[in-house]
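> here is the input, now give the coordinates:
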Amino acid sequence: MSAGSFKMQGWEKVQRQLGRLGKGVPQNVLRDILHEGGQLVADEARRLAPYLTGLLHDSILVVDANDARVYGKVNAGGASVYVGPVGSADDGDVYYARFQEFGTRNMEANPFMRPAIATKRPQAEKLIAARLSSYVTAQAR
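Numbering: from 1, shown residues only. Purely as a prediction, here's the structure:
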């Protein structure tokens, strides 16, 4: 095999672009993108939620997963969001949301979160992927 040489132009620009991408997507940008995707699910859940007083409907939000008003344990490693009923004693406790979603021995289930997730998840995933792709492409320029 014979030795040869070649000249590469623009290598410095490529290194700069790779350096910017190597830093990853900033948490605030990622959180905003996740909120946007989660909003699709929240809107559908609000549409499907039973409506009597409006408290359950109004409690369905997209919040940071470590928000103190989120019921239960949520793994908030990195940027993550919670989509669903959020409340506290101060702004209207919606403890009964789980009874609506899953039912009780005396009440039939009236699910709203699971159907919302099932119908809007593919659209939310596509939106998140497109926003991330746009961000990475913009950073590579």
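
> and the longest helix for the protein?
helix 113-140 (DSSP state H).

> gap between it and the chain center?
Put simply, helix 113-140 sits 8 Å off its chain's centre (CA atoms, centre = their mean, to the nearest Å).

> average pLDDT for that helix?
Regarding helix 113-140, the rounded mean pLDDT is 90.

> could you pull up the residues touching the residue sitting nearest the centre point of the chain?
Residue closest to the mean C-alpha point of the chain, counted by CA atoms, centre = their mean, is Leu34 at 3.3 Å. Leu34 is in contact with Ala79, Ser80, Val81, Ile128, counting by CB atoms under 8 Å, 6 or more residues apart in numbering. The C-beta positions use only the backbone N, C-alpha and C, and glycine is treated the same way.

> for these, pick the one with the most neighbours.
Counting neighbours by other CB atoms under 10 Å, Val81 leads the contacts of Leu34 with 26 neighbours.

> in the sheet, who's paired with that one?
Beta-bridge pairing for Val81 (DSSP bridges): Asp64.

> surely it and Val62 touch.
Yes - contact status for Val81 versus Val62: in contact at 5.5 Å, counting by CB atoms under 8 Å.

> show me the common contact partners of the two, please.
Shared contacts of Val81 and Val62, counting by CB under 8 Å, 6+ apart, come down to His35, Gly38.

> low-confidence stretches in this protein?
The model of the chain has pLDDT under 70 over residues 1-23, 68-78, 88-92.

> where do the strands sit along it?
60-64, 81-85 (DSSP state E).

> tell me which of those is the most buried.
strand 81-85 (a mean of 25; mean count of other CB atoms under 10 Å).

> Asp43 - how many residues pack around it?
Neighbour count for Asp43, taken as other CB under 10 Å: 15.
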